[in-house]
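here's my sequence, what's the structure:
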Amino acid sequence: MFQKINIGSLPKGQRNTICDVPGVKVGHVTLSDGDCQTGVTAITTHNENAFNLRTRAASHVFNGFGKSVGLVQVEELGELETPILLTNTLSVGAVSEGLIQHTLAETPDIDFVMGTINPVVFECNDAFLNKISALYVRPNHALEAISAVSDEFEQGAVGAGRGMSCYGLKGGIGSASRQVKLGNKEYHVGALVLSNMGRMPDFTLAGRHIGPQIEEKLARDESGPEKGSIIMIVGTDLPLSERQLKRVARRTSVGLARTGSFLGHGSGDIALAFTTVDPVDIKSRKRTHSVEQMDERRIDRVFRAAAEATEEAIVNSMLNAERVTGRDGNTRYALGDFGELMGDANE
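Predicted coordinates for the structure are as follows:
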């Protein structure tokens with residue numbers, strides 16, 4: 001049934017995940033025991049030392065109800081110098097510490113030469129299912145997530161997504177990708193989301209507004225304000241400048257809106273886009289650098305790919321998640337529990 005759900009018109013990548021972008025890998029640490037329903041997810045952009053060979057990136061904050069770290073320097077310099085880590089709101093400090101430990105272990109001369117590291121950590125609040133105040137996530141979990149990265153990874157209620165909610169159902173980690181041709185060469189645009197947003201009455205699945213039907217079946221009122229957050233990460237192997245990457249990051253809002261969100265007051269909605277092309281080698285002694293970038297007149301296809309991949313990644317975060325019961329007996333049903341309401345989402 002779920003295989004019938006089609007989103008967009010561009011061809012998908014072979015894996016249909018962000019790891020279709022060559023060099024990108026994802027890893028999780030999942031903590032699941034009673035009122036502990038949380039974890040860490042790591043995204044690496046290449047196999048080299050991330051501090052010495054930096055990835056070009058840009059971020060965009062749609063609604064700043066969030067506690068992420070590292071965005072100020074990404075905004076200023078247009079580059080990443082660590083992997084990207086995702087976790088819950090109150091674990092940002094612990095995960096940042098773990099990410100700093102990882103970077104120092106890989107690059108011990110930082111202490112003598114640079115003396116600074118910009119860890120990039122994003123968060124969403126998983127307090128409905130996870131006793132967030134217990135601070136279950138520790139620095140070692142960040143290290144374990146980085147060590148676990150692979151080009152094959154689970155989606156749904158795993159890693160940072162373990163305790164997340166989406167449209168009043170179970171959310172979490174989701175990913176998708178699209179292929180884009182530039183001349184005779186094929187490129188990829190991949191998205192990974194940490195979904196924790198939305199109101200059930202607004203939920204739209206591939207153009208079908210099924211949220212009210214799910215709400216009716218659950219026989220409960222889910223019409224309160226939109227709360228939560230979503231983190232949307234877009235990676236590509238297209239040659240894009242930092243300015244162009246920011247434009248791509250903004251287009252994730254199109255995919256988000258198509259699922260029913262209107263980026264409410266209590267929702268932290270943040271996107272980051274990066275390219276694996278032309279990394280910044282900080283050990284280079286060159287005085288000037290040549291950087292390739294895509295002709296702007298051909299960028300619409302990239303915008304479409306980012307929108308489609310983001311929308312499908314959100315849906316995949318729900319389709320791959322199982323029902324979870326956590327703190328105080330709180331339960332989030334899975335989208336799959338309502339398969340009879342989905343039918344063929346292309347109808």
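
let me see the mean pLDDT of the host helix or strand of residue 340.
According to DSSP states H and E, residue 340 maps onto helix 339-342. In this model, helix 339-342 has an average pLDDT of 77.

likewise stretch 118-130?
Confidence for stretch 118-130, expressed as mean pLDDT, is 97.

tell me how far it lies from the chain's centre.
11 Å (Cα atoms, centre = their mean, to the nearest Å).

swap in stretch 48-60?
Chain-centre distance of stretch 48-60: 16 Å, with Cα atoms, centre = their mean.

before we move on, what about stretch 123-140?
From the chain centre to the centre of stretch 123-140 is a distance of 17 Å (Cα atoms, centre = their mean).

in the stretch 201-347 of the chain, which spans are strands?
For the stretch 201-347 of the chain, applying DSSP state E, counting those that start in this stretch gives strands covering 204-205, 208-209, 227-236, 266-281, 324-325, 331-332.

between these, which one is closest to residue 170.
Closest approach to residue 170 among the strands of the stretch 201-347 of the chain (Cβ to Cβ): strand 331-332, 4.3 Å. The way it works is simple: take the backbone N, C-alpha and C, and place the C-beta from them, glycine included.

which strands and helices sit next to that closest one?
Here strand 331-332 touches strand 324-325, going by 3 or more Cβ pairs under 8 Å, 6 or more residues apart in numbering; DSSP states H and E.

neighbouring strands for the strand it packs on, and are they parallel or not?
Here strand 324-325 has these sheet partners by DSSP bridges: strand 331-332 (antiparallel).

hmm, who's touching the partner strand?
128, 129, 165, 168, 169, 170, 171, 323, 324, 325 (Cβ atoms under 8 Å, 6 or more residues apart in numbering).

mind doing that once more with 6 Å?
Strand 331-332 has contacts (Cβ atoms under 6 Å, 6 or more residues apart in numbering) with 165, 170, 324, 325.

thinking again about what came up before, turn the strands of the stretch 201-347 of the chain into TSV, columns for distance to residue 119 and mean pLDDT.
Formatted as TSV, these follow (distance: least, Cβ to Cβ, whole Å; pLDDT from 0 to 100):
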stretch	distance to residue 119	mean pLDDT
strand 204-205	35	93
strand 208-209	40	92
strand 227-236	15	94
strand 266-281	13	93
strand 324-325	28	97
strand 331-332	29	96
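
rebuild the ones you listed as TSV, extending it with mean neighbour count and distance to residue 178.
Shown next, in TSV, are the strands of the stretch 201-347 of the chain (neighbours: other Cβ atoms under 10 Å; distance: least, Cβ to Cβ, whole Å):
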stretch	mean neighbour count	distance to residue 178
strand 204-205	22	19
strand 208-209	14	21
strand 227-236	28	10
strand 266-281	22	14
strand 324-325	18	30
strand 331-332	18	29
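
nearest to residue 135 among the ones you listed would be which one?
Minimum separation from residue 135 across the strands of the stretch 201-347 of the chain (Cβ to Cβ) falls at strand 227-236, 18.8 Å.

what residues does that closest one touch?
Contacts with strand 227-236, where a contact means Cβ under 6 Å, 6+ apart, come from 18, 21, 24, 66, 122, 124, 189-197, 248, 252, 266-275, 306, 310.

picking that back up, make JSON lines out of the strands of the stretch 201-347 of the chain and add distance to residue 32.
Listed next are those as JSON lines, based on distance: least, Cβ to Cβ, whole Å:
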{"stretch": "strand 204-205", "distance to residue 32": "26"}
{"stretch": "strand 208-209", "distance to residue 32": "31"}
{"stretch": "strand 227-236", "distance to residue 32": "20"}
{"stretch": "strand 266-281", "distance to residue 32": "24"}
{"stretch": "strand 324-325", "distance to residue 32": "8"}
{"stretch": "strand 331-332", "distance to residue 32": "13"}
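
quick one: closest of the ones you listed to residue 106.
Taking Cβ to Cβ, strand 266-281 is the member of these nearest to residue 106, at 15.3 Å.

who does the closest one pair up with?
Strand 266-281 has these partner strands in its sheet, going by DSSP bridges: strand 53-63 (antiparallel), strand 227-236 (parallel).
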